[in-house]
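Asker: Whatever this is, show me its structure:
(chains A, B and C)
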Amino acid sequence: MVAAARTSAPIANRQAVAALKARFAQQNWIFAGVLFALLALVPLLPVVEGWMATQAALVIIYILAAQGVSVLTGHTGLVTVGHGGFLAIGAYTSALMSHYLGADLLSGMICGGLMAALIGCLLGLIFLRLAGAFMAIGTLGFAFFIGTIVNNVPIFNGRTGFSLPPNNLFGVIDIGDFGFYYVCLVTLALMTLFMYSLVRSGVGRAFKALRDAEKAAQSSGVNRLFYRTLAFTISAFITGVAGALNGHIVSFVSAEVYADIWYSVDILVAAIVGGSAMLFGPFIGGVFIVMVPFFFEELADFSFILKGIVLIGVLMLAPAGVADVAARPFRAMRQRALAQAGGATAREHGRTGGSPGGAE
Amino acid sequence: MTQLRCENITVSFGGVVACNNISLEVPTGKIVGLIGPNGAGKTTLFNVLSRFQDHDSGHIYYRDQDIDRKKPHQMVELGMARTFQNINLFGEQSTLDNILIGAHHLIGNPFADMFSLPAARRTERSLVQRANEIAEMLHMQDELDTLVKNLPYGYRKRVELARALASQPELILLDEPVAGCNDEETDELRGIVQRLNRELGITIFLVEHDMSMVMNVCDYIYVINFGSNLADGTPAEVQANADVISAYLGEEHDDAA
Amino acid sequence: MLGQQIMSGLATGSLYALTAVAVVVVFRNTRTINLAQGDFSMMGAFIAIILLKTYGLNYYATIVLCVLAIMALGVLTERLVMRPIADSDWLTLFTATLGVYYILHGVAGWIWGRDTKAFPVTFDPTPVHIFGTVVSHGHLINMGWAAAIGVVLYVFFKYTKQGIAMRAVTDDPETAKLMGIPVRFIVTLTWAMAGFLAAFIGILIAPIIYVAPEMMDEVLIKGYVAAVFGGLYSIPGAIIGALMIGVAENLAGGYLGSHYKTATAFAMIVVLLTFRPQGLFGIQKRREI
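Answerer: Modelled structure (predicted):
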């Protein structure tokens, strides 16, 4: 009988599988470590000028914002077209603190993130019963709502906006372009670490369970209200922090940029092109969404067209994102190794081992 | 003692009455079956008992505690787990992850958990350990890392069962556990259900169409028809009951027509 | 004053209604939330400017050509972008229309620039007295057009073979396919209809607002909100929703200040979705999108 043949895998096999998994995890850490080390070394090259560091910082900001989207859209299955709203909340909170109170960058980031998280929590509760397309429209409406507020409520100074003092941190009056880049990089490293922990935790499992099979999740004890709201809150926090940095990078905020839906759309596209259910996805998406307009600076409209074409191409060829395709060979390799070690059937195995960069 | 009991449950959708004054009792430690022709209201009743469906009137008691107002996710904390008729799994994830989600209510503080604090990691390790044991018990330890969508049908049924077990339940509601399985798979699942009951002392309440399964494993059977109680008794009593026979004959007659 | 606000609210609402109807028709036949719907209208408005100004065509000829051009754009979108991914989940479909949104924005900006332009046919402000309120002539004309298009749609869905086939696809695509209805053709027709409506909206709304690549963003959001009133499914529901939004925001604009218009639509959607997530006229069946 089939069952009899399967009853007991030799214990040695299972130990080998466990050892392999540990090694895969180690490889992920090494990959991430090397990546961040390289990113940290870039500004030290003599050819790198301040504006380049600023451009790189912008990429990081978009990666962070897309990470926020990926918590909600990729891992919890709630599509958001309104994260530009959270970006604006983070940016304005930090900008107002800096403008009126002279607060430093760190407290601005924390408060920007917390304010976004608070609003995100409320929005999660308001949209509790929404799913699918209704959620997309609801969040789009939210972004427009925030746009109306920053455009019209006097304290936000509308389209005139207001400029911020130089970025100060830990008593340094102006940390400069390179300092700002390092602030962004450290933030990204911490957020990525958190994301890595989150997607592998029971909470991350609950998010994915709500995404894939809501009823089964609930019958397993996942409190839909709590975890949906939690996903909204975490997602909004991360994007809020990105927003705070986004205000400080140009030392200027105004409704001119925060009142329309481009931020919302761009962040969502970054997450989807990169791969919203993959840890490494937002990295690719962030580079894409910032660097396309950068290379076509003279031809802003052409960069729109290019973004659109690439987006549609990615959807046709790699609906789960570029990171998913990039990780495929590594995943297959690991699956083969796992199958060999486990002595199991030749059936395709799971992605428990993960892939480089902790791609989930 | 009764593990689960419901009294005069009535549910209607619009004008259609799906359950009409249904009462039944699942004694602790027993395997109880619920049968009835298609459209008799079995699935609705199951959803009521697991709190996915609100009932218009009547009461549900779990260990004599009124649970009319409980939410679906609170049931596992009480000790009740369930499976679904149409397999309801997380296909893009491995068997292990699917089992672990069943143990969700044991993860402790979610905030410690999401930051992978040391305590959370210890909990996680013990949950994985338990998931391994469950997989072994259900003869699927070789498939722990396989994506569920790549598993054959009978296996997926077992993963559902494994997920329910991971919550350390006292009572499991099985919604057609062998529907769609071939004879071999049915035999194996029947053996598993009996072992869960005898070795782990888990009370089982199951809806099933496969009569050989129901008559062989159940200690007691409830029959419902047109949303109402029709009969109940031991398998032998139910098999001899004239109302039951005519209800099923009627169904066959309808099918033929 | 109040009657006045309501009348001009109905006038704007009737334009939202056309957008909402287009959103609903596309969604229920293809599961696609079409984010490019507004940009279809925007392209229509730009083409109309060219036809009117550069070629000196008359208004009605312009409308005909414009409608044909934008219907072609709709069909092209379906053929090149949507059909290859037709079996994907709704998020992929939605994101693909985002790609179209980018492309059309880019194309319009590239050819016509980012500056706002005035539409050559101006909005006739001559007051007309009706039901004891004063409405501008242009508003009345817009309402007339919207009503006429509504009648055309009604006749189409009720009496024509294609319209009935379209409804069959809406109700149950699988059965429709089994019954020999050419589902692919119906989907193409759906996108053509989206283009048809979009062209009218573009031409009718351009004199009221302005012409620029982002001219339709706000109108589209309100069209979505209105569509949600109908559960993204019911055309009458979407129309009623659109008229309600038009009136409500006009009242808010009149009594609270014009800045609160957009916020009104959002407030309405929040209240609606909180209490009836399936929409005011929605049906539960279609929730598994």
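Asker: switch to C-alpha atoms for all contacts and neighbour counts from now on
Answerer: Will do.
Asker: Helix, strand, or coil at A:Leu96?
Answerer: helix (DSSP: H, G, I helix; E, B strand; the rest coil).
Asker: What separation do you get for A:Ala216 and B:Arg163?
Answerer: A:Ala216 sits 9 Å away from B:Arg163, going by Cα to Cα, to the nearest Å.
Asker: before we move on, what about A:Val203?
Answerer: Using Cα to Cα, A:Val203 is found at 16 Å from B:Arg163.
Asker: try B:Ser246
Answerer: The value you get for B:Ser246 to B:Arg163, if Cα to Cα is used, is 38 Å.
Asker: Compare the two and say which one has the larger neighbour count.
Answerer: B:Arg163 (29 against 12; other Cα atoms under 10 Å in any protein chain shown).
Asker: Show me what from the stretch 151-289 of chain C comes close to chain A.
Answerer: Neighbours of chain A within the stretch 151-289 of chain C, by Cα under 8 Å from any Cα of the partner chain: C:221, C:224-225, C:228, C:259-260, C:262-263, C:266, C:269-270, C:273-274, C:277, C:287, C:289.
Asker: Name the spans of the stretch 1-150 of chain A whose pLDDT lies under the cut-off.
Answerer: By pLDDT under 70, the low-scoring segments of the stretch 1-150 of chain A are A:1-12.
Asker: ditto for the stretch 1-150 of chain C
Answerer: In the predicted model, the stretch 1-150 of chain C carries pLDDT under 70 at residues C:1, C:122-125.
Asker: Could you tell me the phi and psi values at whatever residue of it ends up closest to chain B?
Answerer: In the stretch 1-150 of chain C, no residue comes nearer to chain B than C:Asp89, which is 14.9 Å away by Cα to the nearest Cα. Dihedral pair for C:Asp89: phi -70, psi 170, per degrees, to the nearest 10.
Asker: Now which of the residues of the stretch 151-289 of chain C next to chain A would you call buried?
Answerer: When these are checked for burial by 16 or more other Cα atoms under 10 Å in any protein chain shown, the buried set is C:221, C:224-225, C:228, C:259-260, C:262-263, C:266, C:269-270, C:273-274, C:277, C:287.
Asker: nearest to C:Val75, of these?
Answerer: Set against C:Val75, the nearest of those by Cα to Cα is C:Tyr224 (21.3 Å).
Asker: wouldn't that closest one be in contact with C:Ala20 here?
Answerer: Yes: under the criterion of Cα atoms under 8 Å, C:Tyr224 makes contact with C:Ala20 at 6.0 Å.
Asker: if we can go back for a sec, name the weakest-confidence residue in the residues of the stretch 151-289 of chain C next to chain A, if you would.
Answerer: Lowest pLDDT within these is found at C:Ile289 (32).
Asker: how about the nearest residue to the residue nearest the centre of chain A, chain neighbours excluded?
Answerer: Centroid-nearest residue in chain A: A:Gln67, 0.5 Å away (criterion: Cα atoms, centre = their mean). If the residues on either side of it in the chain are set aside, A:Gln67 comes closest to A:Pro282, at 5.7 Å by Cα to Cα, 6 or more residues apart in numbering or on different chains.
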